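>>> here you go, sequence then predicted model.
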Amino acid sequence: MIQLQNLVKDYGSLRAVDHINFEIKEGEILGFLGPNGAGKSTTLKVITCFLAPTEGNIHVEDYNVIEHSRQIRQMIGYLPENNPLYTEMTVYDYLEFVARIREIGDFKKRLKEVIIRCGLHGVVHKPIHTLSKGYRQRVGIAQAIIHDPKILILDEPTSGLDPNQIAEIRGLIKELGREKTLIISSHILQEVQAVCDRIVIINKGKIVADGSTEELKSSFKGKTKLIMELQAPESELNSLADEIKDIKLLSVTPIGNDVFEVVVEFSTDADIRAEIYQYIKSRNWVLLEMHRDKISLEAVFRNLTIEEGGE
């Protein structure tokens, strides 16, 4: 549905986005991550036609951002990071103003739907400046969906919220993700992990990772670590590394009567868990448990953005 092709964006001599390429499928919830200054917000502003690309292009369905910015704007709802609102207006007046700009015909019916969807019925006649940060974010999401866009882009939607407000906004985002293509930029990795189908990480203007949370974790530094609990003679366990190609035996730790925690490592290019299981079975060992090492998304993020020179 959205295709970024060799996208470049320069601010004078500063290259904020450097020849990036990726696609977003219809109905997908994409998390867009990166450290401060990595190029996240710039990329989103080009997708939403707030900025023109220096090189390359972005296609949204049959349109591109250079020639068809108006058509693309009609398809996208956007909540910027700073959530610009007319704070002296009431919630209802502001949303009516946005609906009229969007040229929504039966805007009163749509306003009612959006107010209910975003949980604003209790504050609809209050000035926006009197609202909490959580309710202001709800108003920002309401203006982004008022024209019922196919694509919703949220830049730091829970920034500055308390834990209760984060949970409420996260629930709303999950609900919206059932019916729209959704792009979320966030510094809160747990939020991205809880909501998104796929994650793209950008660092210094370049894409450094693209995949599901589990794919990014399992490809951490190109190695998969497998932890097993085996009931077997200790003297035979070294044969795992001798008999199975490309496996490295990291540790054998006694945890019970002839029961050992065995940790092995192998390249993520080949998933050899089935081969390991068949070998254990052939030796008549008892496999009590087998699981991949739990690597946090934060560890993956830090590895890709700090160890490679991110700031």
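Looks like it arrived, so ask away. Numbering: from 1, shown residues only.
>>> quick one, phi psi at the closest residue to Lys248 other than its chain neighbours?
Distances taken as CB to CB, 6 or more residues apart in numbering place Glu265 nearest to Lys248, at 4.6 Å, with adjacent residues excluded. C-betas here are computed from N, CA, C, even on glycine. Main-chain torsions, Glu265, degrees, to the nearest 10: phi -140, psi 140.
>>> what about the helices in the stretch 201-311 of the chain?
Applying DSSP state H, counting those that start in this stretch to the stretch 201-311 of the chain gives helices spanning 213-218, 239-243, 273-282, 297-305.
>>> now tabulate those in CSV and tack on mean pLDDT.
Shown next, in CSV, are those (pLDDT from 0 to 100):
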stretch, mean pLDDT
helix 213-218, 78
helix 239-243, 91
helix 273-282, 93
helix 297-305, 81
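>>> thought the residue nearest to Lys248 was touching Ala241?
No. If you go by CB atoms under 8 Å, Glu265 and Ala241 don't touch, sitting 9.9 Å apart.
>>> name the residues contacting each of these two.
247-248 (CB atoms under 8 Å, 6 or more residues apart in numbering).
>>> would CSV of the helices of the stretch 201-311 of the chain with distance to Leu44 and mean neighbour count be doable?
Shown next, in CSV, are these (distance: least, CB to CB, whole Å; neighbours: other CB atoms under 10 Å):
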stretch, distance to Leu44, mean neighbour count
helix 213-218, 21, 18
helix 239-243, 47, 14
helix 273-282, 38, 14
helix 297-305, 18, 19
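>>> now distance to Asp62 too, for these, in JSON lines please.
Below are the helices of the stretch 201-311 of the chain laid out as JSON lines (distance: least, CB to CB, whole Å):
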{"stretch": "helix 213-218", "distance to Asp62": "30"}
{"stretch": "helix 239-243", "distance to Asp62": "54"}
{"stretch": "helix 273-282", "distance to Asp62": "43"}
{"stretch": "helix 297-305", "distance to Asp62": "34"}
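>>> to Lys180, which of the ones you listed lies closest?
Judged by CB to CB, the one of the helices of the stretch 201-311 of the chain that comes nearest to Lys180 is helix 213-218, at 20.5 Å.
>>> which residues touch the residue lying closest to Ser239 once chain neighbours are set aside?
Closest residue in space to Ser239, ignoring its immediate chain neighbours: Arg283 at 7.6 Å, by CB to CB, 6+ apart. Arg283 makes contact with 232, 236, 239 under the criterion CB under 8 Å, 6+ apart.
>>> how many residues are close by the first one?
If I follow you right, that is Ala232. By other CB atoms under 10 Å, 21 other residues sit near Ala232.
>>> and the strands in the stretch 201-311 of the chain?
Using DSSP state E, counting those that start in this stretch, the strands assigned to the stretch 201-311 of the chain run over residues 206-211, 223-231, 248-256, 259-267, 286-292.
>>> CSV for those, including mean pLDDT, distance to Leu154 and mean neighbour count?
As requested, the strands of the stretch 201-311 of the chain are exported to CSV (pLDDT from 0 to 100; distance: least, CB to CB, whole Å; neighbours: other CB atoms under 10 Å):
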stretch, mean pLDDT, distance to Leu154, mean neighbour count
strand 206-211, 93, 19, 18
strand 223-231, 88, 33, 18
strand 248-256, 91, 41, 12
strand 259-267, 90, 36, 18
strand 286-292, 92, 31, 13
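>>> so which helix or strand takes in Glu96?
helix 91-101 (DSSP states H and E).
>>> strand partners (parallel or antiparallel) of the helix or strand harbouring Asn57?
Assessed by DSSP H and E, Asn57 sits inside strand 55-60. Using DSSP bridges, strand 55-60 pairs in its sheet with strand 2-11 (antiparallel), strand 63-64 (antiparallel).
>>> between those strands, which one is nearest to Tyr279?
Taking CB to CB, strand 2-11 is the member of those nearest to Tyr279, at 44.1 Å.
>>> average pLDDT for the very next helix or strand once past the closest one?
Later in the chain than strand 2-11, the nearest helix or strand by DSSP H and E is strand 14-24. On average, the pLDDT along strand 14-24 is 96.
>>> just the CA trace of the helix or strand just after strand 14-24, in CSV.
Next in sequence after strand 14-24, counting helices and strands by DSSP H and E, comes strand 29-33. Output of strand 29-33 as CSV, limited to C-alpha atoms (Å, rounded to 0.1, in the frame of the first residue of the first chain):
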residue,chain,number,x,y,z
ILE,A,29,0.6,-2.0,12.0
LEU,A,30,4.2,-0.8,11.6
GLY,A,31,6.4,0.4,14.4
PHE,A,32,9.0,2.9,13.2
LEU,A,33,11.8,3.2,15.7
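>>> can you tell me the strand partners of strand 29-33 and which way each runs?
strand 181-185 (parallel), strand 198-203 (parallel).
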